[in-house]
Each structure stands twice: as structure tokens, then as C-alpha cells.
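A.B. asks: pasting the structure only:
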């Protein structure tokens, strides 16, 4: 990463004094907190229903919210679940944004959704106001999402994939309860688990070409819920292991875990999302 | 660690689809929050009185609580303080649980107590429902508790041990105040210090065979109070340096330090303990 | 660092049992929470006005507060802004403390101010009761403040320095907004930015001789606001990357970022400062 790139990652390039003077002046028209347009991309083992409560809270606050479904989830391309690719997932989101003619968007990815946000941003950079990574994977160029896992986790998932017989991975309840909804009661964990679905196994293991993503100068934020220890299971998990990949970014943190907070405290999560997303 | 072992650490072994289907179904009978049976193991320089306020709160919440004393503390084996061994400490807890016929137990260790919990679990694996490590040491197989310290801390303690003349280590007030009760007022720190006792020096330096512990598939949790910088004094202290040794575990966090919270906010600590301990 | 030094860093040297017994006794006269005398040293790109709200809150709590200006800020030595040195900055604070005959002082440095606190402590060790580093740089002996930055940040600042034409560095609004006041609204960020001034570029790049600082046995504290990701932009930023340089220290943490909290929640910040500063 060149030094020019470091600042450009938050939308500022220190090229010369003229350019700097311009960039250094906060836009007066943005001084009033204004409604945002959100496109929320869910993670693995759930569908767009994951956002139900949080989207409702964001709308109550005056924001516009879209929660596109993508291949391999919620019936999209489900006839060939085991053969779904990362390209198809990204295509679902790109097509949705094109069809709805969405622009000036805050594109937010949760968990695995971080990698879809990266690839979508490569295709629609001019339609995105800010990228928000919410407890999300941020693979480096040439890496897969699974490359972010601790080795024993990656091996365990390879094994689940093989034993599935149809190239999917099911999330065992004990793992879900301990690592995804650790702050929930058992009854809540059991309730949330009724929405858990098998995940196409391929995309998490695909190596992703992310050269273009790492050259984009779209502002970026990382939202971290501090009790979230889901999947990476590396000592420094989502933050700072994944967040650090972004270079310069706005950091917002709050209490919570990987999946409980969206259902149990959607108002608080919506407020954190706005802190991460506003100009 | 094999991949099978990773999931087994939280009580799940992905052997085949049949076993997985079974394990993946949350037990219906556990859907109601239920009373737990706690065995709480204190750390160094205090005795079982450390748990007084917290145990009272847990009992008010309907739980059953035992706080066994162990060798070298509270008069147990105190005639030969300097020659107490880690085996004797563990034996105290094992004998207590045998004598009381305790089973289906949440066994929780604080600080040095983490290593006693590890060795007790090796001897009574079938009597333990869950292991909870609360700002606790989790030595790896073949390590001592002192191996978890930063080198200058370890050397300082070696020096205190030598200068004691009776193979004990006394905790100097300035160290206690700065590193153990950092969030307390000075008056509170002075009050808590009246309960501080000399610690047998041997056990913390004993290398522990923990092969069996690391093969057990008892569910595990780590409870971390985020201002706790006591003893390890390594950059990442209890979490994630110690917690990461557990492999897969449930993570629960809250504000607090090593010894203030148990006395000053026992209700909040009891609630965090329940979050770490429930099914 | 020798083992003796480790404890001496928090004001305790375990030399022999006699000395230990003495040090182990908490001073009775200190049992009552008492008023403190604060000298607060601001960081880069602001002047002593940074402390306005926080100093007011500390005074309401009964404490005495001084906020000396130093060379290169608030009109002090401003005619030669680009040639200001770290020695001149430290001299400003030392002269101020001498002129006012301040003693028994809690000397607190924020951000870049941490390095001024280090050098001031070397010159006036007997006048200082405790050193508090608040989201502050703590260079090791022979390092500069800029050595604490991630390489791309350091290179970007070198570039801003060169393009300034007068050896200063101006803080671009996008960087200020994302990394210094990340938890603020845009309107608040724009308001705070009106107080941002160009910073002399030299001092942050000066290698500092800190041998004496690292031999002092003045008690030290580190106060960390957990959403602060300003300047170091290394994965572990202020805590624990900078705090760990102190060896033994009292750790106090709270929510907040680099510059918002002092203006938006000065009462809460004042309470955290007292927790870090009291005996």
C-alpha cells in the first residue's frame, strides 16, 4: 500500500495543497444529519429475514432500507444449492441494485456478507456512498473467506462439507449457541436456530481477486460488537484481525455478539449502524 | 489439535450425518432457564471468603453455590504453607466434591483457580456440566501458571519467593492497588487488602501435565472483565492470551478488574457468571 | 528491564523483607479521597483550549487544574512554527511548572502530549505524584512519536510535511472525521474541526533519548477510550501497543474516541481521569 493510498482509503488523497485545501473543507450542506439509503447484505446460514427487526428500526429513524436476497439463500438459486458460486451471490446484489436503480447507497455486509460487499463495490463503485463492514470478513486480495478462519475451524468445516453429501455445510446447534449467540439465553438461542439454513459450501473456499477493491477510494467503516467471537476463532477475530485489512476506516464498537443483537436489541444495533454509516 | 477436536471442545463431535442431526437438535427440556449448581474456586492471595458477596447474589437468583477451600488457604494445610503442592490443592477440591456427592456442576475458577479447575476436571469429568474460566489462567499442557506471566513479573515473583524465607509470596500493596483493584478507590483498595494473605510459592511454578484436560469434551466458557490487567502483564493478558488456549469456548465480557468487581458489584458479576454458565 | 525495575515502575521495589513490609502497608492518611493537582498536556493540532470543558468538570469536583500551552501552539513560539523542537515544547511545560512552583502534581498527557510528559518527568521527577497517559504515545528509548505509526501513515505525513512548504502538517478533515472524532455526528465533527490548527512537523519525527524516563519509579496510569483509533493506525494502537511500553501501570478504560469525548462528555472523561489519577 502506498502512502497516497492510505488516506485515499477514507476518501482523501493528499496530492497537492490545492486538492488538500478542497478536501479539508467540510461540506456545509452535510451539516444536518440526513436520511440514508441502506443496502444490507446478510451472512451465511441465514436469509434476508435476518434483517427484519433492524431494518424496521432503521426505517422508524427515517432511513430507506433494502435487504436483497442472494443466490443460495431464501429460494434464490436453491435448486442447485451445492453449486452456487461467489460470483452468483455478488451478481444477485448487483442485479438488485441495478434493477432498483439504487445510488448514493450505504452498502453494509455482515459476516460472510463482507466479501460480497467487497465484490459488489468493485462493480458499482459510483453508486456507493460508504461501505460498512459489520462483524464481517474482509479477505485480502487472493484470499478466501475460509482463509480468515483458524486452521482447526477451517478443517472442521471441510469435514462437514464432505459429510453433507451435497456440498453444503450445516451449522451444528452447539457451535451456533456457543459462538454465534453466546450472550443469548438458551431459549432465545433455540428460537433463533429455527431460522438457520444449510449454507452452500463453495463460496467460502473460493480465492477472491480483490485488487480492484483495494484500489477504490470509497469511505469505509468497521462496526464491531465486542463479544462476537464467531467463526474466525482466531485470537483477534473480527477486530482487529479483519478490520485492519481495510487500512484507514472509521471504527464504531458496541456490546453484543454475532447474531443475538440484531434480534434482541435491534434499536441499539440500528443506532450503531447509523454511527458507522453517516457522513 | 485435530479438526474433530475443535468442535468437541464445545461438546460437539461432527462424526457423521446421523450424529450431527442428533447434536444439531437443541434439547427441548432445556428451553426453560433453570437453577444451576456452582462450585467456585478462588485464586491466589485470598481464601474462599472472596466469594461471599457473589455467592449470596447467585443464591438470591435461585442457584446452589459451593465455595470449597483448598490447601494453603483458609487454614487448610496451613501448618506447612511453603510446601503445599498443586496436587494437594486439586485434591482439596476433588475430595470436597466427592464428600458432598456433587454432580451436574458448573465448575468456575478465578485467576490461579483456572489451573485447579483444569486438574479437577481431569479427575471428575462426568460430574461437570460446564467449566467456566473467570479472568483465569489456562496453562497449556506442560506449562506452569507462572509461564503465563511476562518475564519481568515472573522474575520479580521468584525474587519475592526467595526473600520470604518460607517459600511463600506476599502481594505488595502497590502492586495489588495498581494491578488487582485498579478501578477501586484507595479506601476500597485498603479495605480489600486486609483480606490478602501470603500465597504458597510452589504451585504457580509447577509444570502441569494437562494432556487429559485438553482431550475432554466438556463445554467451556471464558468470562473476562475488560479492565483486568492482573498478573499476566502481557499485552493481551487474560483475553485473548489465556482464553485462546481453550480453542472453542463461549465468550462473555463485562467491565471490571481482577478483584474489585466481586466485592463492589457482586450482583452484576453474578449475572455475568450466569451468562457464562447456563446451557 | 530487570525484575527489580518491573515493580519499581509502579513505585515499589522489592529489595528485602523490611522494605517490603513497609511498602506493603497502605498509608492510612491517604484513606480519604482527596483533591488532586492536575497539569494537563494537550496533543497535536489543538491548543490548550482542548481542555476547557474537562478542566471545568475537574474543578467542579474540587481539583486544581493547570493547562499550560507549549511551543508551537496557542501563539507560543508561533513566529517560527516550522522550526519548533521537542526540546522547546518540553521547556514550555518545565518553565511553567517552575514558574508556578507546582509540586505533588498529576501530570497527564494526551496523544502526542505523552512524549512531552515523558521528557518533563525526566527533568522534574520530584514534583510529580503520578504520570497519566491518556490515549497517548509512549515512545521507547531512542524512538520518535512517528515511529509508533503504521508505515503508510508515517509516509503520508512525510508527504503532507513536504507539500506544506513550511514544515508543518495540516490535518485533512476526512482523516480528522474518520479517525479522531469517529463517534461524533458530522455537525459535531465540523464544529470541533474549527479549532484544528497546523502542527509543527519536526517534533513527531525526533528520536528521543528516554533512558532516564525508563529508570524513574513514578507511578503510571494508562487511560484508554476504547473507540480511539487515531494516528497509530496499527492493529493494537494506543492499547496495548503504546500502554505496554510502560511495563507496570494502572489501566483504566471507557468508551469514547480521540477528541469527541473531551468536548461531548467532559464529566464522564473527568471521572475516568480521576480513576486513573488518584492514589
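C.D. replies: Thanks, I have it. Predicted model, so just to flag it, every value in this text is computed and none were measured.
A.B. asks: from what I can see residue A:46 touches residue A:195, true?
C.D. replies: Yes. Using CB atoms under 8 Å, residue A:46 makes contact with residue A:195 at a distance of 6.0 Å. Every C-beta, even on glycine, is put in place using the N, C-alpha and C of the backbone.
A.B. asks: Which one of those two is surrounded by more residues?
C.D. replies: residue A:46 (24 against 14; other CB atoms under 10 Å in any protein chain shown).
A.B. asks: Which positions within stretch A:71-82 qualify as buried?
C.D. replies: A:71, A:72, A:73, A:74, A:76, A:77, A:81 (16 or more other CB atoms under 10 Å in any protein chain shown).
A.B. asks: right, is stretch A:238-253 up against chain B?
C.D. replies: No. Shown here: stretch A:238-253 not in contact with chain B (CB under 8 Å from any CB of the partner chain), separated by at least 10.6 Å.
A.B. asks: if I've got this straight, residue A:160 is in a helix?
C.D. replies: Yes. Assigned with DSSP: H, G, I helix; E, B strand; the rest coil, residue A:160 falls within a helix.
A.B. asks: any idea how far the residue in the stretch 101-250 of chain A that chain B sits nearest to lies from residue A:205?
C.D. replies: Here the stretch 101-250 of chain A gets closest to chain B at one residue, residue A:155, 3.3 Å apart by CB to the nearest CB. To residue A:205, residue A:155 is 12 Å away according to CB to CB, to the nearest Å.
A.B. asks: likewise residue A:143?
C.D. replies: In terms of CB to CB, residue A:143 sits 11 Å off from residue A:205.
A.B. asks: Would you confirm that residue A:76 belongs to a helix?
C.D. replies: No. Going by three-state DSSP, the assignment for residue A:76 is coil, not a helix.
A.B. asks: what sits against the nearest residue to it once chain neighbours are set aside?
C.D. replies: Residue nearest to residue A:76 in three dimensions, not counting chain neighbours: residue A:69, with 5.0 Å by CB to CB, 6 or more residues apart in numbering or on different chains. Residue A:69 makes contact with A:47, A:48, A:75, A:76, A:92, according to CB atoms under 8 Å, 6 or more residues apart in numbering or on different chains.
A.B. asks: So the second one is in contact with residue A:67, correct?
C.D. replies: What it means is residue A:48. Yes. With contacts defined as CB under 8 Å, residue A:48 counts as touching residue A:67 at a distance of 4.4 Å.
A.B. asks: what sits in contact with each of these two?
C.D. replies: Taking CB under 8 Å, 6+ apart as the criterion, residue A:48 and residue A:67 both touch residue A:42.
A.B. asks: does the most centrally placed residue in chain A belong to a helix or a strand, and which?
C.D. replies: Central residue of chain A (CA atoms, centre = their mean): residue A:109, 2.0 Å from the mean position. Element membership for residue A:109 (DSSP states H and E) is strand A:105-110.
A.B. asks: what's the answer for residue A:98, then?
C.D. replies: Using DSSP H and E, residue A:98 falls in helix A:86-99.
A.B. asks: what does that helix rub up against?
C.D. replies: A:39, A:41, A:66, A:68-72, A:76-77, A:102, A:105, A:115-116, A:119-120, A:123-124, A:127, A:202-203, A:206, A:208.
A.B. asks: Return the members of those residues classed as buried.
C.D. replies: Judged by 16+ other CB under 10 Å, buried ones among the contacts of helix A:86-99: A:39, A:41, A:66, A:68-72, A:76-77, A:102, A:105, A:115-116, A:119-120, A:124, A:127, A:202-203, A:206, A:208.
A.B. asks: interface residues of chain A facing chain B?
C.D. replies: Counting by CB under 8 Å from any CB, chain A sits next to chain B at A:152-153, A:155-156, A:158-160, A:163-165, A:170-175, A:177-179, A:182-183, A:185-187, A:189-190, A:193, A:226-227, A:229, A:233, A:235-236, A:255.
A.B. asks: 6 Å - rerun?
C.D. replies: A:152, A:155-156, A:159-160, A:163, A:172-174, A:178, A:182, A:185-187, A:190, A:227, A:229, A:235 (CB under 6 Å from any CB of the partner chain).
A.B. asks: What segments of chain A are strands?
C.D. replies: Listed in chain order, the strands found in chain A under DSSP state E are A:37-41, A:64-66, A:105-110, A:128-134, A:168-169, A:199-200, A:220-225, A:250-254.
A.B. asks: and the second one, what's its mean pLDDT?
C.D. replies: Okay, so that is strand A:64-66. Strand A:64-66 shows an average pLDDT of 98 in the prediction.
A.B. asks: That one pairs with which strands, and in what direction?
C.D. replies: Strand pairing for strand A:64-66, determined by DSSP bridges: strand A:37-41 (parallel).
A.B. asks: Also the fourth one?
C.D. replies: When pairing is defined by DSSP bridges, strand A:128-134 lines up against strand A:105-110 (parallel), strand A:220-225 (parallel).
A.B. asks: Output those in a markdown table, with mean pLDDT and distance to residue B:134 appended to each entry.
C.D. replies: Formatted as a markdown table, those follow (pLDDT from 0 to 100; distance: least, CB to CB, whole Å):
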| stretch | mean pLDDT | distance to residue B:134 |
| --- | --- | --- |
| strand A:105-110 | 98 | 30 |
| strand A:220-225 | 98 | 21 |
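A.B. asks: which residues touch residue A:102?
C.D. replies: For residue A:102, no contacting residues are found, by CB atoms under 6 Å, 6 or more residues apart in numbering or on different chains.
A.B. asks: and of the buried residues of stretch A:71-82, the nearest to chain B?
C.D. replies: Nearest to chain B among the buried residues of stretch A:71-82, with distances taken as CB to the nearest CB, is residue A:81, at 15.8 Å.
A.B. asks: measure that closest one to chain C for me?
C.D. replies: Distance of residue A:81 to chain C, given as CB to the nearest CB, to the nearest Å: 37 Å.
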